[in-house]
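Asks: Attaching a predicted model along with its sequence, questions to come.
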Amino acid sequence: MAPKTRAKEVSINWRNRCAKIVFMAVFVVHSALATWAAPTRKEVLAAMKTATDFMMNTVSTRGGFVQKYSLDLKEKYGELKARDSMIWVEPPGTPTVGLMLIEAHRTTNDAQYLEYADRVAGALIWGQLPSGGWHYFIDFDMEGVQKYYDEFLSQSWGWEEYYHYYGNGTFDDDTTASATRFLLRLYATTLDPKYKSPLLKALDFTLDAQYPNGAWPQRYPLSREFRHHGHPDYTSFYTFNDGVISNNVGALVEAYEKLGDKKYWEAARRGMDFYILSQLPSPQTGWAQQYGFDMKPAWARSQEMNAVSSGQTFQNVRDLMNFYRVTGDRRYLEPIPKAIRWLETARIPETNRPGGYTQFYELGSNRPVYQRREGTPPDFLWVKTYDAAGVYPLGVRFELDVSGLEREFQQVRSLSPLQARSEYERSRTYTHPRIQRPDPLADYRVLARDADEIRQLIESLDERGGWVVETQMSDREDFINNPPHRFKAYDTGTYVTRMYRLINYLNSLKP
């Protein structure tokens with residue numbers, strides 16, 4: 001071949017290769033931009049529908065949910081392994097999904113979400129107890145529940161709330177309150193009378209269970225027959241722990257706002273007045289997790305001592321600030337300075353262990369107090385100790401942002417009653433999932449600048465339409481010494497939280 005011809009061919013080939021390179025580069029960039037462009041409303045709506053159809057039509061049991069599912073849907077878990085015939089009421093369970101579905105309908109105006117919410121309501125109404133409340137779970141095969149307790153739950157060390165089947169309702173862990181709030185919002189949305197009767201029954205249950213001093217027991221109707229470790233049955237005690245009083249107050253305030261009956265408002269105020277009544281005297285001006293009928297801190301589960309609780313005190317301060325926003329009544333701010341001062345004195349000096357606080361402080365001495373386990377399950381004892389080495393690991397040392405709490409208090413205290421109420425009204429427009437012990441002021445709104453995250457959520461749906469996560473369950477026989485069971489799962493809390501993010505992204509697109 002002549003040199004000129006060869007040179008021309010080389011030049012053409014080089015130009016062709018360059019053109020291909022440029023084309024591929026443009027294609028890759030265009031594809032990336034298309035993939036990671038801000039999701040459109042249509043894309044978000046499609047993802048929401050896909051995820052919800054999968055959860056409601058493939059995962060749920062008669063409209064209800066447990067908390068975690070293995071990918072083959074053969075293993076199901078609430079706080080512990082569940083039977084196939086069970087759904088969980090305790091968040092993040094069935095009412096948690098229902099509350100989100102109502103919000104999805106409000107945002108999209110898609111009637112399918114209300115149809116699914118009706119299915120959720122049907123499951124909860126089926127499992128509502130004659131008293132009006134709910135147990136942690138609903139079992140559509142009630143004949144097998146006692147056997148499940150005898151052979152499984154009562155042998156699950158560390159879950160003492162499941163050692164006995166009381167047959168009554170529980171306010172623990174937002175169980176009855178979350179179901180009540182769901183029915184309340186569904187009725188307020190639809191005005192369908194079929195929801196009104198179970199709703200009023202649930203609210204009456206909450207009113208009936210309230211003590212004259214404003215507190216609530218953990219369970220109701222009262223039962224005192226199950227003693228443990230030398231302590232009386234704690235389920236009838238005045239209980240702050242795990243949100244018993246705060247969740248009931250929240251449900252009653254919302255009931256008053258939506259139904260207009262003043263008896264709900266009066267009961268909510270009595271509940272918050274118990275915060276003032278039960279603050280411990282100086283110098284330990286905090287709160288206990290629960291109180292006996294003598295108004296002294298009482299022992300609950302074997303690891304929950306009759307002591308001043310730093311975590312409960314921190315939460316009660318936040319509850320009081322929030323209720324000032326609700327009411328504009330400065331009485332609810334008065335206990336706070338003393339409580340913050342106690343929290344400041346309760347901080348443990350820096351050691352080689354992380355964290356500045358422990359959960360419990362001994363009455364009188366204010367010394368940090370712990371529990372050490374002796375023996376092996378089920379034959380064991382908890383022994384009180386002042387040495388943090390080798391003790392019960394949950395909540396031994398943790399951080400509390402007391403400085404941040406003080407700053408928030410100063411900001412809230414500076415608000416006039418009118419300003420406080422205005423702040424509360426603004427907070428009511430926030431869309432947020434209530435996932436087990438929620439921060440009452442948490443704002444989970446996702447704004448337009450979070451488009452990359454929303455794109456990732458859309459693209460991460462699997463071929464069935466679910467979100468797969470890595471999760472774990474504690475070993476029921478000895479979760480202190482045995483490793484947890486780790487597995488991939490469809491997780492109800494993850495589904496709800498991601499749906500709220502998609503919902504809020506849609507809201508951010510609105511003018």
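Replies: Arrived safely. Numbering: from 1, shown residues only.

Asks: what's residue 121 in contact with, if anything?
Replies: Contact partners of residue 121, counting by CB atoms under 8 Å, 6 or more residues apart in numbering, are 63, 98, 182, 183, 186, 195. C-betas here are computed from N, CA, C, even on glycine.

Asks: can you check residue 254 too?
Replies: 181, 184, 185.

Asks: Quick check: pLDDT value at the second one.
Replies: Spelled out, it's residue 184. Note for residue 184: predicted pLDDT of 97.

Asks: Can you tell me the element it falls in?
Replies: Residue 184 is part of helix 175-190, with elements assigned from DSSP states H and E.

Asks: before we move on, the earlier item: going by distance to residue 316, which of the contacts of residue 254 wins?
Replies: Ranked by distance to residue 316 (CB to CB), the contacts of residue 254 are led by residue 181 at 21.0 Å.

Asks: I'd guessed that closest one sits against residue 98; true?
Replies: No. With contact defined as CB atoms under 8 Å, residue 181 does not reach residue 98; the gap is 9.2 Å.

Asks: Can you tell me how far residue 64 is from residue 242?
Replies: Note on residue 64: its distance to residue 242, by CB to CB, to the nearest Å, is 22 Å.

Asks: quick one: which of these two has more around it?
Replies: residue 64 (25 against 22; other CB atoms under 10 Å).

Asks: my read: the more buried one touches residue 138, true?
Replies: Yes. The pair residue 64 and residue 138 qualifies as a contact (CB under 8 Å) at a distance of 6.4 Å.

Asks: follow-up on the earlier one: which among the contacts of residue 121 gets closest to residue 500?
Replies: residue 98 (13.2 Å).

Asks: tell me, how many neighbours does residue 153 end up with?
Replies: 19.

Asks: let me fix that: residue 167
Replies: 14.

Asks: Going along the chain, name the strands of the stretch 101-250 of the chain.
Replies: 137-139, 169-170, 219-220, 238-239 (DSSP state E, counting those that start in this stretch).

Asks: and the second one, what's its mean pLDDT?
Replies: In this case it means strand 169-170. On average, the pLDDT along strand 169-170 is 98.

Asks: So which elements touch it?
Replies: Counting contacts by 3 or more CB pairs under 8 Å, 6 or more residues apart in numbering; DSSP states H and E, strand 169-170 is packed against helix 175-190, strand 219-220.

Asks: which stretch among these comes nearest residue 321?
Replies: Of all those, the one in closest proximity to residue 321, counting by CB to CB, is helix 175-190 (19.9 Å).

Asks: wait, doesn't residue 258 sit right on residue 191?
Replies: No. Between residue 258 and residue 191 there is no contact, the gap being 10.9 Å when judged by CB under 8 Å.

Asks: partners of the strand ranked longest in the chain in the sheet?
Replies: Scanning the chain for the longest strand, with DSSP state E as the assignment, gives strand 368-376. Its sheet considered, strand 368-376 pairs with strand 360-361 (antiparallel), strand 379-385 (antiparallel) by DSSP bridges.

Asks: Pick out whichever of residue 258 and residue 191 has more residues nearby.
Replies: Neighbour count, other CB under 10 Å: between residue 258 and residue 191, residue 258 has more, with 16 against 9.

Asks: Quick check: residue 365 vs residue 231, distance?
Replies: 21 Å.

Asks: who has more neighbours, those two?
Replies: residue 231 (14 against 10).

Asks: coming back round to it: residue 181 and residue 98: which is more packed in?
Replies: Comparing residue 181 with residue 98 by other CB under 10 Å, the one with more neighbours is residue 98, at 29 against 23.

Asks: Look up which helix or strand the more buried one falls in, please.
Replies: Assessed by DSSP H and E, residue 98 sits inside helix 94-108.

Asks: That helix: which residues count as buried?
Replies: 94-105, 107-108 (16 or more other CB atoms under 10 Å).

Asks: Report the angle between it and helix 175-190.
Replies: 30 degrees (axes from the mean of the first three to the mean of the last three CA atoms, to 10 degrees).

Asks: Residue 97 and residue 493 touch, don't they?
Replies: No. The criterion here is CB under 8 Å, and residue 97 misses it with residue 493 at 9.7 Å.

Asks: any idea how far residue 499 is from residue 197?
Replies: Distance from residue 499 to residue 197, by CB to CB: 29 Å.

Asks: Over to residue 398?
Replies: Taken as CB to CB, the span from residue 398 to residue 197 is 44 Å.

Asks: And residue 38, by the same measure?
Replies: Distance from residue 38 to residue 197, by CB to CB: 45 Å.

Asks: got it, and residue 297?
Replies: Using CB to CB, residue 297 is found at 39 Å from residue 197.

Asks: Residue 241 too?
Replies: 31 Å.

Asks: quick one, which of the two is more surrounded?
Replies: Taking other CB under 10 Å, residue 241 and residue 197 do not tie; residue 241 has more neighbours (21 against 12).

Asks: What separation do you get for the nearest residue in space to that one that is not next to it in sequence and residue 356?
Replies: Distances taken as CB to CB, 6 or more residues apart in numbering place residue 289 nearest to residue 241, at 3.8 Å, with adjacent residues excluded. Residue 289 sits 19 Å away from residue 356 when distances are taken as CB to CB.

Asks: Of the two, which one has the most company?
Replies: Applying other CB under 10 Å to residue 289 and residue 356 shows that residue 289 carries more neighbours, namely 28 against 19.

Asks: one step back: check which helices and strands the helix holding residue 184 is in contact with.
Replies: Judged by 3+ CB pairs under 8 Å, 6+ apart, helix 175-190 is in contact with helix 94-108, helix 111-127, strand 169-170, helix 193-209, helix 244-259.

Asks: Now do that helix: distance to the chain's middle.
Replies: 16 Å (CA atoms, centre = their mean, to the nearest Å).

Asks: Using CSV, list the CA coordinates for that helix.
Replies: What follows is helix 175-190, C-alpha atoms only, in CSV (Å, rounded to 0.1, in the frame of the first residue of the first chain):
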residue,chain,number,x,y,z
THR,A,175,-48.8,0.0,71.5
THR,A,176,-52.4,1.1,72.3
ALA,A,177,-51.7,4.8,71.6
SER,A,178,-50.4,4.1,68.1
ALA,A,179,-53.4,2.0,67.2
THR,A,180,-55.7,4.7,68.6
ARG,A,181,-54.0,7.5,66.7
PHE,A,182,-54.3,5.5,63.5
LEU,A,183,-58.1,5.0,63.9
LEU,A,184,-58.5,8.6,64.9
ARG,A,185,-56.7,9.9,61.7
LEU,A,186,-58.5,7.4,59.5
TYR,A,187,-61.9,8.4,60.9
ALA,A,188,-61.0,12.1,60.6
THR,A,189,-60.0,11.6,57.0
THR,A,190,-63.0,9.5,55.9
